[in-house]
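> Build me a structure from this.
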Amino acid sequence: MNAKDTFFVYYKVPADRLADVQALLQVEQARLAVDLPGVSIRFWRRQDPSDQAQVTLMETIEASGNDRLASALDIAEQRLAAALEAFARHAGLQPVQRHVERFEPLPPLIKPGRPFPCA
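From the prediction side, this is the model:
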């Protein structure tokens, strides 16, 4: 895993529980900021939901640094997943189906001072 990988995690939650889920995620985000300095977590909401009963959320989890931070990405993702699972179980909801995708940055093709290659 590249130390600059980013995880994109998306899932659906009941629209009427969005505020509860958001509060839970923000609490876990604050805990992870203390436990895993250097890991950045942001939360997103799909703008145009196709299903009014559910809201699609996305987490971006990233770290820029050494290999220790890269392994921290896995830890952060697992802790957020566990928090959502515990919430769903406690609230009597179906388990949250999380989809995790890992991306790495593309290396630059153009070096400073070199002209842009044209086809």
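
> Please enumerate the helices of this structure.
Along the chain, counting by DSSP state H, helices occupy 18-35, 67-91.

> Out of those helices, which is closest to T6?
Nearest to T6 among these is helix 67-91 (8.2 Å), distances taken as Cβ to Cβ. Placement of C-beta: from N, CA and C, glycine included.

> Tell me which residues are up against that closest one.
Contact with helix 67-91 is made by 1-3, 5, 7, 9, 11, 17, 20-21, 24-25, 28, 31-32, 36, 38-39, 41, 59, 61-63, 93-96, 98, 100, as judged by Cβ atoms under 8 Å, 6 or more residues apart in numbering.

> So which bits of that helix are buried?
69-70, 72-73, 76-77, 79-81, 83-84, 87-88 (16 or more other Cβ atoms under 10 Å).

> and what of stretch 54-67?
Buried positions in stretch 54-67, judged by neighbour count with 16+ other Cβ under 10 Å: Q54, V55, T56, L57, E59, I61, E62, A63.

> which among the contacts of helix 67-91 end up buried?
Among the contacts of helix 67-91, those that count as buried by neighbour count (16+ other Cβ under 10 Å) are 3, 5, 7, 9, 11, 17, 21, 24-25, 28, 32, 36, 39, 41, 59, 61-63, 96, 98.

> that older thread, next step: the contacts of helix 67-91 restricted to strands.
F7, V9, Y11, V39, I41, E59, I61, E62, A63, V100 (DSSP state E).

> Phi, psi for the nearest residue to the third one once chain neighbours are set aside please.
Leaving aside its chain neighbours, Y11 sits nearest to R98 (4.6 Å; criterion: Cβ to Cβ, 6 or more residues apart in numbering). Recorded main-chain torsions at R98 are phi -90, psi 140, according to degrees, to the nearest 10.
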